[in-house]
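Undergrad: structure, please.
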Amino acid sequence: MSIVLAPFSIFAIVYLLFLSNPCTVYAKDHNISAAKWTSAGATWYGAPTGFGSDGGACGYTTSVQSKPFSSMIAAGNPTLFRSGKGCGECYQVMCNAKPECSKKSIEVVITDLCPPGGQCTAQKVHFDLSGTAFGALAKKGKENELRNVGILPVLYKRVECDYPGYNLIFKIDAGSNPYYLAVLIEYERGDGDLSAVSLKDGSAKSKEWKSMNHSWGAIWKLDAGTKLTGPLSIKITTMKGKKLKVKNVIPVNWGPGQTYRAKVNF
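TA: Next up is the predicted model:
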């Protein structure tokens, strides 16, 4: 006597195999090519519908609540933050481990450090999301219930950053002076991170690019020793080696506390 499998049996077998390995998912989101998702943990901080903190370890301050970040940010544990080199990197995060989860991915930017210890080191990779971002993982009307689950198992993957309509900006630190420059660099499209920054001043004698040192978070500094003459040009390099020169982005009459917008981006 022969046995004939029902047409849906093959799909049932595939589904069971998927359930046996729930932390490996392949998907296509936000026009990103299919990639492997990896498991991590997530919590939230700040106000339930807030932007985390306005004193984040990357130095973005209150800009995280405005476009293009729009409060969709995360404090990364040391694995993600990487002593500030992870500032600006973008990730898709999703949850399907709880009935309150929407199973739809969100995109967040690393803008802060989740302090070592406690919940932030419970997993190798941990996202401490803003209240707004954490709530966006939930089904509509289930946001508060999801916020009460404690450490939430999530899936994540690195994606390229995209800030439509926004070019690079350079914020001059309040402690800068004609001989010392510290600048926060924000809204890098693509990789989102930086591995090197160099500066060239506008004096007729200056032809060399001077390497800046990573200060903290997304801030780079140069103790020039001689007066920096504007306009200043800045060259940035991402972790993957992509380079971009931003000519004369900081004007002759530059000053501490000022923000200057470039006309280019990656």
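Undergrad: where does residue 134 land in three-state SS?
TA: helix (DSSP: H, G, I helix; E, B strand; the rest coil).
Undergrad: could you pull out the helices for the stretch 1-150 of the chain?
TA: Applying DSSP state H, counting those that start in this stretch to the stretch 1-150 of the chain gives helices spanning 9-19, 78-81, 131-135, 143-147.
Undergrad: outside of stretch 193-210, which residues touch it?
TA: Residues outside stretch 193-210 that contact it (CB atoms under 8 Å, 6 or more residues apart in numbering): 85-89, 181, 185, 188, 211-212, 214, 218, 220, 222, 224, 228-239, 241, 248, 252. Using the backbone N, CA and C atoms, a C-beta is placed for each residue, glycine as well.
Undergrad: tell me where the stretch 51-200 of the chain has strands.
TA: 73-76, 90-94, 106-113, 126-130, 152-159, 169-172, 180-186, 196-200 (DSSP state E, counting those that start in this stretch).
Undergrad: out of the ones you listed, which gets nearest to residue 58?
TA: Among the strands of the stretch 51-200 of the chain, strand 106-113 comes nearest to residue 58, with 4.8 Å by CB to CB.
Undergrad: quick one: mean pLDDT over the closest one.
TA: Averaging pLDDT along strand 106-113 yields 98.
Undergrad: adding mean neighbour count and distance to residue 47, write the strands of the stretch 51-200 of the chain out as TSV.
TA: Shown next, in TSV, are the strands of the stretch 51-200 of the chain (neighbours: other CB atoms under 10 Å; distance: least, CB to CB, whole Å):
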stretch	mean neighbour count	distance to residue 47
strand 73-76	28	13
strand 90-94	22	19
strand 106-113	25	14
strand 126-130	27	8
strand 152-159	20	18
strand 169-172	20	24
strand 180-186	22	23
strand 196-200	19	33
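Undergrad: please name whichever of the ones you listed is nearest to residue 55.
TA: Among the strands of the stretch 51-200 of the chain, the nearest to residue 55 by CB to CB is strand 106-113 (8.5 Å).
Undergrad: that closest one - which strands sit beside it in the sheet, and in what orientation?
TA: strand 73-76 (parallel), strand 90-94 (antiparallel) (DSSP bridges).
Undergrad: let's have the ones you listed in CSV, adding mean pLDDT.
TA: Listed next are the strands paired with strand 106-113 as CSV, based on pLDDT from 0 to 100:
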stretch, mean pLDDT
strand 73-76, 98
strand 90-94, 98
